[in-house]
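Peer 1: missing the sequence, but the structure's below:
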């Protein structure tokens, strides 16, 4: 067999043989067709072996890519990962059989071998600095390059909600990038790097800090948001530990303060950036039932902690785990945070 020639896995091969036998026997509900040759590919017309409501089996051409097939058959080039994951390939090789699933195959990521999990990375500051929270431009670039080189799919935090509802599958190697507080280095350093890789991220702002000397301005927040890559969500108003009452603070005053910490930043971001809030980052990662109940009342769908770990489809949507990335970590340390599958024998 030639080097780099893909091998059909047993699942794909069984489907192919089964459908092909159906075609030979003329079963109803399954059709076979020869599509017209694509421009510049007269030697190999695209052959659709079989298709029904769930799958299409076809032979690829030189003009095909994962993105072009996803756009044609799934209606969105960004769903290329669906074809990639199902067939166990990273790119299209011409004149090879391929299966295109037309419906979600596994919304929970649970298989007999284990459970899919989604790591959420948490950054704070960028550039050179004395604080452990500052990740240098060089290291951040190296980390993003690692994600790209190792075929990780950087997805928006909003995509995780459908996964937690068991309604939307996610790519097998999904990872989420978040940034807390709103330091100026987010705009000066992180944003250009994320833009160069076309990686989305969520920026959690505590709004009393926005516009301060070391913070981003609302104008810069708007520029990042308009790029389509940076989603901006609340991180409270003043960055208190929301799980704790102040000394001599009554329960009623505590509740009033927490409501303000939730509502005020949401109103400011909505007013300035013109969209609704859906997620919240707890300052210091701490929360309690009362805080969660107020978030639910305000129609927030997700909330994140800084409890290290990764998230399966069964994770608590208001207690999502995030792994903090520090400036003194090596690329090997970084790779250990990218746990996208938990090995478990579920047979």
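Peer 2: Happy to help now that I have it. All figures in this text were calculated on a predicted structure; none of them were measured in a lab. Residues are numbered from 1 along each chain as shown.
Peer 1: check residue 41 and give its pLDDT.
Peer 2: pLDDT recorded at residue 41 is 42.
Peer 1: residue 110 now?
Peer 2: 78.
Peer 1: shouldn't it be in contact with residue 342?
Peer 2: No: counting by C-beta atoms under 8 Å, residue 342 is not a contact partner of residue 110; they are 10.1 Å apart. C-beta: built from backbone N, CA, C; applies to glycine.
Peer 1: neighbour-wise, which of the two wins?
Peer 2: When neighbours are counted by other C-beta atoms under 10 Å, residue 110 and residue 342 differ, and residue 110 comes out ahead with 16 against 13.
Peer 1: how much space between that one and residue 168?
Peer 2: Separation of residue 110 from residue 168 (C-beta to C-beta, to the nearest Å): 14 Å.
Peer 1: excluding its backbone neighbours, what's nearest residue 118?
Peer 2: Nearest residue to residue 118 in three dimensions, chain neighbours excluded: residue 311, at 4.7 Å (C-beta to C-beta, 6 or more residues apart in numbering).
Peer 1: might you report the residue contacts of the one you found?
Peer 2: Taking C-beta atoms under 8 Å, 6 or more residues apart in numbering, we find residue 311 in contact with 117-120, 160, 164, 320-321.
Peer 1: rerun at 7 Å
Peer 2: Contact analysis of residue 311 by C-beta atoms under 7 Å, 6 or more residues apart in numbering lists 117-118, 120, 320-321.
Peer 1: just residue 235 next, same as before
Peer 2: Counted by C-beta under 7 Å, 6+ apart, residue 235 has contacts 180-181, 204-206, 281, 283.
Peer 1: what subset of the residues you listed is buried?
Peer 2: Buried members of the contacts of residue 235, counted by 16 or more other C-beta atoms under 10 Å: 180-181, 204-206, 281, 283.
Peer 1: which of the contacts of residue 235 sits closest to residue 296?
Peer 2: residue 281 (16.0 Å; C-beta to C-beta).
Peer 1: closest to residue 217 out of the contacts of residue 235?
Peer 2: Using C-beta to C-beta, residue 205 comes nearest to residue 217 of these, at 11.2 Å.
Peer 1: dump the contacts of residue 311 to a markdown table, plus secondary structure and pLDDT.
Peer 2: Below are those laid out as a markdown table (DSSP: H, G, I helix; E, B strand; the rest coil; pLDDT from 0 to 100):
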| residue | secondary structure | pLDDT |
| --- | --- | --- |
| 117 | coil | 95 |
| 118 | strand | 97 |
| 120 | strand | 98 |
| 320 | strand | 98 |
| 321 | coil | 98 |
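Peer 1: got a ChimeraX select line for the buried ones in these?
Peer 2: Per 16+ other C-beta under 10 Å, the buried members of the contacts of residue 311 correspond to this ChimeraX selection:
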select :117,118,120,320,321
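Peer 1: and the two most separated of the contacts of residue 311?
Peer 2: Spanning the widest gap among those are 117 and 320, at 11.3 Å by C-beta to C-beta.
Peer 1: so which of the contacts of residue 235 belong to strands?
Peer 2: Counted as lying in strands by DSSP state E, out of the contacts of residue 235, are 180-181, 204-205, 281.
Peer 1: may I see those organised as TSV, with distance to residue 64 and pLDDT added?
Peer 2: As requested, those are exported to TSV (distance: C-beta to C-beta, whole Å; pLDDT from 0 to 100):
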residue	distance to residue 64	pLDDT
180	42	98
181	44	97
204	40	98
205	43	97
281	41	98
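Peer 1: would TSV of these with distance to residue 258 be doable?
Peer 2: Converted to TSV, these look like this (distance: C-beta to C-beta, whole Å):
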residue	distance to residue 258
180	19
181	19
204	17
205	18
281	15
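Peer 1: any idea how far residue 126 is from residue 141?
Peer 2: Residue 126 sits 10 Å away from residue 141, going by C-beta to C-beta.
Peer 1: between the two, which has more neighbouring residues?
Peer 2: More crowded of residue 126 and residue 141, by other C-beta under 10 Å: residue 126, with 25 against 17.
Peer 1: residues in contact with that one?
Peer 2: By C-beta under 7 Å, 6+ apart, residue 126 lies in contact with 134-135, 137, 140, 185-186, 189-190.
Peer 1: swap the cut-off to 10 Å and go again
Peer 2: For residue 126, the contact set (C-beta atoms under 10 Å, 6 or more residues apart in numbering) comprises 133-137, 139-140, 179, 183-191, 193, 327.
Peer 1: how many residues are close by residue 178?
Peer 2: Neighbours around residue 178, by other C-beta under 10 Å: 23.
Peer 1: quick one: residue 221 is in a helix?
Peer 2: Yes: counting by DSSP: H, G, I helix; E, B strand; the rest coil, residue 221 is located in a helix.
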